[in-house]
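**Q** What follows is a protein structure lacking sequence information:
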């Protein structure tokens, strides 16, 4: 474990779609003393499902990789993938594999629920978000329709992180952040919405208690994991909320996450309610709000264009008039589900490097447009964009963000921000501190700083015009 730690140790867990990652962290300094990782499997085909029991096994494997440090932890917190539907029987065993956030089979149920609930505006004002197919309420409605026997056998419904917390503590507990992605927890009241629950045939007694920010879920009551019996267990939260904690975000500080999909979010003190459904009005893990917008096409789409051109992903060239909207999977923000990749403005002298740069421009343009829709970001117009995710360390991604945004950029050195955020939540619980302040003390958002450069208004206008024409072409 190296040198003796300055303070007590905490464990942060990131249980994502593909793997479980664990960090053992010094609660005072933020030094990562040990880490582990174990994979998950996800079903192929139309549905995206995972057996929740493998998350538990992966948590044990990842903690074992941490060695003796994990057994010295005083507190633990679990952050998990949002929206997943975990159905448990009366004995607490999974009725069937969990439906994951990226399972789009509930699209029809989503549309029906939105209509039956009074339309998008009513949902946004009441629940805080318009429940798309990703939301847990749509997945439960799908299960009732397509697998009524499984729904009837369900005695308890949990989110992925709730399931792990319950196995750790024996307590049915969730937090407001993850609960705000279900579609049945209302940000307007801070409670489960009984009208929504009645509509989908779900009893409130089947759901976990929603802990207050800073409240413990319980203590470790299992001997199956290499954790100290009796260690404090925080309420945990969703992965996006944990990443916000991991960065120690202050209100109005915008984040762009560049991954397979792109995400734009910021903490705000004003409750969001976007009737278009573009911005999900999530709660954060502290008592504020985390409005979030997501694009489908980011690093994977640009890498696909690079592969088609036979170029390295960094082999971009400036100039040219070509515009490329890389909406290879349709697009969520803007809401263009029938969109395809669109190339416009090709000339004899257009180079392959310029085409690749155009793909970057199209992906970043969609993400910055999503950022513009977030409430509260305009309160800190000079704040740098925090660039995180797999693409954040790419030169072409960073420079495209700078050129199209006209804002300064910071690329934090810290990685594993979801697990770090969970560790900060555990440390905050243990020390009686605000977890975001803990993360700021740890310096998690420190990194390379890049000043603002002149915004490329010409490229932005070409992109906006092509998007307008494309929407008409796609019929969206």
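**A** Thanks, I have the structure now. None of the values given here were measured: they were computed from a predicted structure.
**Q** residue farthest from the centroid of the chain?
**A** residue 348 (41.8 Å; CA atoms, centre = their mean).
**Q** pLDDT at that residue, what is it?
**A** Listed pLDDT for residue 348 reads 96.
**Q** doesn't it fall inside a helix?
**A** No: applying DSSP: H, G, I helix; E, B strand; the rest coil, one finds residue 348 to be coil, outside a helix.
**Q** Please name the nearest non-neighbouring residue to residue 234.
**A** Counting by CB to CB, 6 or more residues apart in numbering, the nearest residue to residue 234 once its immediate chain neighbours are dropped is residue 77, at 3.8 Å. (Glycine included, C-beta is placed from N, CA and C.)
**Q** So for the strand or helix carrying the one you found, mean pLDDT?
**A** Per DSSP states H and E: residue 77 is located in strand 73-80. Averaged across strand 73-80, the pLDDT comes to 98.
**Q** So which elements touch it?
**A** Counting contacts by 3 or more CB pairs under 8 Å, 6 or more residues apart in numbering; DSSP states H and E, strand 73-80 packs against strand 9-15, helix 160-169, strand 232-234, strand 237-238, helix 239-247, helix 417-431.
**Q** Okay, angle between the last one and strand 9-15 too, please.
**A** Orientation note: helix 417-431 sits at an angle of 140 degrees relative to strand 9-15 (axes from the mean of the first three to the mean of the last three CA atoms, to 10 degrees).
**Q** Going forward, the N-terminal residue is numbered 37.
**A** Done: numbering now begins at 37, and the last item shifts to helix 453-467.
**Q** Check which element follows helix 453-467 along the chain.
**A** For helix 453-467, the following helix or strand on the C-terminal side (DSSP H and E) is helix 471-478.
**Q** ditto for the fifth one
**A** Per DSSP H and E, the first helix or strand lying C-terminal to helix 275-283 is strand 291-294.
**Q** quick one: strands adjacent to the helix or strand just after that next one?
**A** If you walk from strand 291-294 toward the C-terminus, the next helix or strand you reach (DSSP H and E) is strand 298-301. Applying DSSP bridges to the sheet, strand 298-301 is found paired with strand 291-294 (antiparallel), strand 325-331 (antiparallel).
**Q** Same list (those) but as CSV, adding mean pLDDT, mean neighbour count and distance to residue 348.
**A** Shown next, in CSV, are the strands paired with strand 298-301 (pLDDT from 0 to 100; neighbours: other CB atoms under 10 Å; distance: least, CB to CB, whole Å):
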stretch, mean pLDDT, mean neighbour count, distance to residue 348
strand 291-294, 94, 25, 17
strand 325-331, 93, 25, 23
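**Q** Output those as TSV; include the columns distance to residue 359.
**A** Shown next, in TSV, are the strands paired with strand 298-301 (distance: least, CB to CB, whole Å):
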stretch	distance to residue 359
strand 291-294	20
strand 325-331	17
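**Q** of all those, which lies closest to residue 419?
**A** Distance to residue 419, taken as CB to CB, is lowest for strand 291-294 among the strands paired with strand 298-301, at 10.3 Å.
**Q** What are the contacting residues of that closest one?
**A** Contacts with strand 291-294, where a contact means CB atoms under 8 Å, 6 or more residues apart in numbering, come from 279-280, 283, 285, 298-302, 334-335, 403-404, 407, 421-428, 430, 433, 437.
**Q** Now which of those would you call buried?
**A** The neighbour count (16 or more other CB atoms under 10 Å) marks 279-280, 283, 285, 298-302, 334-335, 403-404, 407, 421-425, 427-428, 430, 433, 437 as buried among those.
**Q** you'd agree residue 174 is in a strand?
**A** No: applying three-state DSSP, one finds residue 174 to be helix, outside a strand.
**Q** My understanding was that it contacts residue 150; is that so?
**A** No: if you go by CB atoms under 8 Å, residue 174 and residue 150 don't touch, sitting 9.1 Å apart.
**Q** quick one: which of the two has more around it?
**A** residue 174 (30 against 19; other CB atoms under 10 Å).
**Q** Contacts only, for the more buried one.
**A** So residue 174 contacts 142-143, 145-146, 149, 167-168, 219 (CB under 8 Å, 6+ apart).
**Q** again, only using 10 Å
**A** Going by CB atoms under 10 Å, 6 or more residues apart in numbering, residue 174 touches 119, 121, 135, 139-150, 167-168, 218-219, 236.
**Q** Also residue 83?
**A** Contacts of residue 83 (CB under 10 Å, 6+ apart): 133, 135-136, 138-142, 178.
**Q** before we move on, what about residue 435?
**A** Under the criterion of CB under 10 Å, 6+ apart, the neighbours of residue 435 are 352, 354, 393, 396, 400, 445, 486, 489.
**Q** Do you have the strands of the stretch 137-286 of the chain handy? List them.
**A** For the stretch 137-286 of the chain, the strands identified by DSSP state E, counting those that start in this stretch occupy 192-194, 209-211, 221-222, 227-228, 245-247, 252-255, 268-270, 273-274, in order along the chain.
**Q** Return the most buried member of these.
**A** Counting by mean count of other CB atoms under 10 Å, strand 273-274 has the highest mean neighbour count of the strands of the stretch 137-286 of the chain, with a mean of 34.
**Q** Quick one: mean pLDDT for it?
**A** Strand 273-274 shows a mean pLDDT of 98.
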